[in-house]
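Undergrad: The amino acid sequence is not available; the structure is as follows:
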Ligand code: HEC
Ligand code: HEC
């Protein structure tokens, strides 16, 4: 075990190496032994220490978010007029801010999908200013702001690892309630005790994943994903990418397991642990979990306190008496249409660092082994929407679960994903992302890469190879990542 003294000096070392000076970067925060957020970041600092030592003096830096122009947020090219109308209508509903009479709450993390999914444009991820701060007191609400929610930090949702009786929890505990709001007279529901959960080290975080190209991801056949279990088996083995010990199958000296859906046995693919099956299911779940709005898929209020219900439940349903199909469908279907038809992020050929550096970085990304998990391209199948049919999906993910080690592990199991396992994060759109990794622990791309290396992580060997690259080569990899 390393001592706190060592820990602090590595934190300093990392702080010194952190070009952005951002306080969310690993190890850059003042240590407070009781804050699990800080504790995790400090652990990350210790875990990356050996690699930073071998990479000591490396001048490679995260070039920072790319360009002012959002290379994302448009509809897929080639939509029909009706598809475009579905996209536009869905987008409008996606950014609408809901109120208590619409069904918002009693507990929630924000009041619109678009508030959390907004960088660099609608459908993306955490913006530079966290909207949860203003939301805490919107319409005279009386919410306290939990310590892990910061004005310039990532949007976060909180999960408790264990419940008060010591059993496994893992569920999302909404940050805020309607109490005090002018549109919610009489509602007195209290916030969970986040301060105690923080002190007990019992709270873990997730930040929003971006939705650009989500319809293409939805249309990738399971067989296309499963083919990656066996592809490059010997290379993966020698890179140290391995499987979960208890489920080694023939040809499966390689890593990952898919997250199979419990209802029909097909693969989950959305969310940090690939825990969710489809965009419609995610919409229904997010509407209820993030915003407290019950719907056709998730019809039961998470908090049924009578005094806090201001409309019928489920709150949002299909409008059977509507004049047109687009008016008839419920909000969750509108959200799903918007996300399905949302175009993929557009990479840059020459920014940052120029074409030669980016091309070189892409080759190095493959040769050190990043691409064994971050598979550059998968393909869609025979989709009903022409714009989604038989397309390349340049997502840089195998959509499989990998053991990412003790530092990234969050102790939350979902479906077949264990406490240290995560879906290979798709890297498309990375050039314009502000926060990285499932809990948003860093805003520095290089720290995000180094954090892959910790006890038990399948990616440790690959990160060592990254560290052994020359400074200029590391820079090429970082430039390539920011070109995406
Ligand atoms: C309070 C912030 C917040 C709000 C509001 C929110 N989301 Fe999210 N969204 C998240 C987080 C956090 C995740 C990652 C969750 C996880 O994997 O555990 C996520 C993930 C997703 C994903 C998965 C995408 C992928 O590929 O992983 C979809 C789809 C999604 N959200 C849709 C929606 C929709 C639709 C709404 C509105 C009904 C919505 N979200 C509202 C925070 C939010
Ligand atoms: C064993 C599989 C594996 C390998 C090898 C791997 N990654 Fe990852 N990568 C992941 C997983 C899983 C995540 C999500 C981890 C988390 O959020 O806790 C991730 C996340 C990331 C992120 C953050 C993305 C985001 O959305 O926040 C970046 C950047 C990244 N990887 C780059 C790299 C680079 C560069 C390499 C090679 C040096 C690499 N990865 C090698 C599996 C891998």
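TA: Yep, that arrived. All values reported here derive from a predicted model rather than from experimental measurement. Ligands and ions are numbered 1, 2, ... in the order given.
Undergrad: From the opening residue of stretch 273-282 to its closing one, how far?
TA: This stretch, stretch 273-282, spans 13 Å end to end (Cα to Cα, to the nearest Å).
Undergrad: List the contacts of the residue nearest the centre of the chain.
TA: Among the residues of the chain, the one closest to the centroid is residue 209, at 3.3 Å (Cα atoms, centre = their mean). By Cβ atoms under 8 Å, 6 or more residues apart in numbering, residue 209 lies in contact with 125, 270, 271, 272, 425, 426. Every residue, glycine included, has its C-beta placed from N, CA and C.
Undergrad: which one among those gets closest to ligand 2?
TA: Nearest to ligand 2 among the contacts of residue 209 is residue 425, at 3.7 Å by Cβ to the nearest ligand atom.
Undergrad: Leaving out chain neighbours, which residue sits closest to the closest one?
TA: Distances taken as Cβ to Cβ, 6 or more residues apart in numbering put residue 397 closest to residue 425, at 6.6 Å, once the chain neighbours are dropped.
Undergrad: separation between the one you found and residue 374?
TA: Counting by Cβ to Cβ, to the nearest Å, the separation of residue 397 from residue 374 is 6 Å.
Undergrad: Pull up the overlap in contacts between these two.
TA: Contacts common to residue 397 and residue 374, judged by Cβ under 8 Å, 6+ apart, are 424, 425, 427.
Undergrad: Surely the first one and residue 398 touch.
TA: Yes: checked against Cβ atoms under 8 Å, the pair residue 424 and residue 398 is within contact range at 5.2 Å.
Undergrad: quick one, which of the two is more surrounded?
TA: Counted by other Cβ atoms under 10 Å, residue 424 and residue 398 do not tie: residue 398 has more neighbours, with 27 against 24.
Undergrad: roughly how far apart are the more buried one and residue 340?
TA: According to Cβ to Cβ, residue 398 stands 22 Å off from residue 340.
Undergrad: Same check on residue 333?
TA: Taking Cβ to Cβ, one finds residue 333 at 10 Å from residue 340.
Undergrad: Neighbour count: the two, which is higher?
TA: residue 340 (26 against 22).
Undergrad: pLDDT wise, what is the closest residue to that one other than its chain neighbours at?
TA: Ranked by Cβ to Cβ, 6+ apart and with sequence neighbours excluded, the top spatial neighbour of residue 340 is residue 215, at 3.4 Å. Listed pLDDT for residue 215 reads 98.
Undergrad: Which element, helix or strand, includes residue 215?
TA: helix 214-218 (DSSP states H and E).
Undergrad: Mind telling me which residue of the stretch 201-350 of the chain is nearest ligand 2?
TA: Distance from ligand 2 to each residue of the stretch 201-350 of the chain (Cβ to the nearest ligand atom) is smallest for residue 241, at 5.0 Å.
Undergrad: what about the strands in the chain?
TA: Taking DSSP state E as the criterion, the chain carries its strands at 107-108, 157-160, 172-173, 176-177, 203-206, 259-260, 267-268, 378-379, 392-393, 401-403, 421-423.
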